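Chemist: Sharing a sequence plus its predicted fold:
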Amino acid sequence: MVIVSAGHAAHGKTTLLQALTGAALDRLPGEKPQDSTVDLNYAWWPRPDGRIFSFIDVPGHQKHLANMLSGVTGPDHALLAVAADDGIMPQTREHLAILQLSGQPPLTIAITKADLANAARISDTEREIRTLAALMGWPDVTLFVTSALNATGISALADHISQLPPRAIAPCKRFRLAIDRAFSVPGTGTVVTGTALGGEVRVGDRLWLTGMNKSVRVQGLRAQNQPASVACGGQRLALNLVGGVEKSELSRGDWLLQEPPAVLSSRVVVALQPLQPLKQAQRLHIHHAASHITGSVTPMQDNLAELTLDKPLWLADNDRLILRDITARQTLAGARVVLLMQKKGCMPQPDATRWLQQLANAQDDEATLRLLLQARPWHKTQLAWARQLTAEGFSAALSAIAPVEAGDYLLLAEVTAGWRRQVLDTLAGYHRKHEDRPGLGRSRLRRMALPGLPEAIGLAVIDLLLADGALAFRYGWLRLPAFSVSFTPEEQALWQQAKPLLAQDSGWVRDMAACLNADEALMRLTLQKAASSGEIAAIVHDRYYSRALIERFADTIRQQHQQGLATRAADFRRLFAMGRKLAVQILEFFDHSGFTHRQGSDHLLRDDSMFP
């Protein structure tokens, strides 16, 4: 269990923790104790039942508030100290507000320095602090009157804290730790400390260190100040890192992550908990875990807002932020992450505010993922990062949603209605313009109909249409089911005569008409209809090859591709004993069909589903 202190400067937080734990607070090697706490200090309190409590002692002076904020991320409990003689002071209010805005952990209040006040003054202080706590969301707070000087109330406070319930461990969450200090230990190397926000880590694991943007290995581990082989979220950890880790290159606010995100967000939609009104484009300080940057806020409806960050943060859904004015004198609001965005203007649908409000109110992973996917397709790594889910947890959350997987993207079939119409309209237009062609290849149809979508999503939409029967697939060509070819009896008879002439080589319309003593116009129309069925293909105008020969040419290109080779006109000349002009015409036909694409003299395989 991790407990964070709070309270005005000189109200006895450090002295209270020392009296409670019986131990001097931990500081960095070589750091001298201060009369007044200026940075984070730490204490550990082992209990007879085997539990170990971690205390984070934060500075109380207003000028050290940035240090205080770096210590209030993810505690299980908070301990507010209020001096009996002073009563409520400015940082009493601000610290209590910060605790409220950062997630409102359960709270215990200790009235300290009881030896310096009479009973009436103590009673007044208790009444005032209970009233303030109730106004800020702690109506039934437990309070103790204490004095470290004569041990008044210390035993009762210790009994109360000993009985606090442990944190419920969220399953299937990734390991994530915000580094609040780093130091070197002779003979050991670089050590970093912080509060683990979730997940599990073991000695030997590899983690991503954001400050150095590299993978490092956990060589040693201490959890709650005890040697450990495994640790989990909700514990204070010290990790000995190896793999070229230099203390001089680490800073407070760096992260140790199980997996880094694919893209960092510099814009984020948040749900605000304002202490005072915020202005459009107002500049402010933004505190996240142990990180501190600047940025601006754009208020929206219903206490939603968009934050623009001057420097990207390692944010995930539901992370808490504290917003302070640009002079760093006032706490303005708390903010909870609702939506990570990659760029300006990426709101997913016209009714964005209502959708965002639903997203802000979602209670679990399944509800959140369903809302996100109802808006648009998402990259799997972005979704898993935003929810901080392991692979197993991500699969479990998606099981009830059953999205369509499109490469690295996930989408819902109902989101694709407009895209489906674009595909069908594109293919219908193609049929009207090219009645003598059997249709389009899968890759080319995707590029024509949905050029702005990632390839995997466009192809998935086409596959959904095929599965629904809205598209037909024949000989590697996509067509509308209503697109069909019918021969007249005269054309059917001529086609049966012409078909053997194309068995071994190409045929020109004029030559075939002469050979069969047929009308040239009738032969042309007949072969065009045969081509639209996919039985033959026009390499150039009026010159046809049978499907079997086209597939033989396509197999040659596939074989070259499998060997890591491109195909050139010289290859066709050599393999099929044909002239250069014809070889070029055949390869250009494949390029125009979308089966290959050209780079210089090379023709590279593009759509392997064609010409099977």
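Modeler: Nice, I can see it.

Chemist: C-alpha only now, for contacts and for neighbours.
Modeler: OK.

Chemist: What segments of the stretch 101-250 of the chain are helices?
Modeler: Assigned by DSSP state H, counting those that start in this stretch, the helices in the stretch 101-250 of the chain fall at 119-135, 154-162.

Chemist: Output the contacting helices and strands for the longest one.
Modeler: Yep, that's helix 119-135 we're talking about. Counting by 3 or more C-alpha pairs under 8 Å, 6 or more residues apart in numbering; DSSP states H and E, the packing neighbours recorded for helix 119-135 are strand 107-112.

Chemist: redo that, cut-off 10 Å
Modeler: Using 3 or more C-alpha pairs under 10 Å, 6 or more residues apart in numbering; DSSP states H and E, the elements in contact with helix 119-135 are strand 77-83, helix 90-101, strand 107-112, strand 142-145.

Chemist: tell me the phi and psi of the residue sitting nearest the centre point of the chain?
Modeler: By C-alpha atoms, centre = their mean, the mean C-alpha position of the chain lies nearest to Q382, the distance being 2.6 Å. Phi and psi for Q382, reported as degrees, to the nearest 10, are phi -70, psi -40.

Chemist: Would you confirm that it contacts L339?
Modeler: No: between Q382 and L339 there is no contact under C-alpha atoms under 10 Å: 11.1 Å.

Chemist: Overlap in contacts, the two.
Modeler: A316 (C-alpha atoms under 10 Å, 6 or more residues apart in numbering).

Chemist: Tell me how many other residues surround A134.
Modeler: Using other C-alpha atoms under 10 Å, A134 has 12 other residues around it.

Chemist: Quickly find the element holding the nearest residue to E414 once chain neighbours are set aside.
Modeler: Counting by C-alpha to C-alpha, 6 or more residues apart in numbering, E414 lies nearest to Q374, which is 7.7 Å off, once chain neighbours are set aside. Element membership for Q374, per DSSP states H and E: helix 365-375.

Chemist: And the next helix or strand past that helix?
Modeler: Downstream of helix 365-375, the next assigned helix or strand under DSSP H and E is strand 378-379.

Chemist: Spell out, range by range, the strands that occur in the stretch 251-400 of the chain.
Modeler: In the stretch 251-400 of the chain, the strands defined using DSSP state E, counting those that start in this stretch lie at 255-257, 265-274, 282-288, 291-299, 304-313, 320-325, 331-341, 378-379.

Chemist: Each with direction, which strands does the last one pair with?
Modeler: Strands flanking strand 378-379 in the sheet, each with its direction: strand 409-411 (antiparallel) (DSSP bridges).

Chemist: Would you tell me what the next helix or strand after the strand it pairs with is?
Modeler: helix 417-433.

Chemist: Report all helices and strands that that following helix contacts.
Modeler: So helix 417-433, by 3+ C-alpha pairs under 10 Å, 6+ apart, packs with helix 442-449, helix 455-468, strand 477-479.

Chemist: quick one, which of those is nearest to L25?
Modeler: L25 lies closest to helix 455-468 among those, at 55.5 Å (C-alpha to C-alpha).

Chemist: ok, residues contacting the closest one?
Modeler: Residues outside helix 455-468 that contact it (C-alpha under 10 Å, 6+ apart): 377-378, 404-411, 413, 415-417, 419-421, 423-424, 442-443, 445-447, 449-453, 469-473, 478-480.

Chemist: buried stuff in it?
Modeler: I457, G458, L459, A460, V461, I462, D463, L464, L465, L466 (16 or more other C-alpha atoms under 10 Å).
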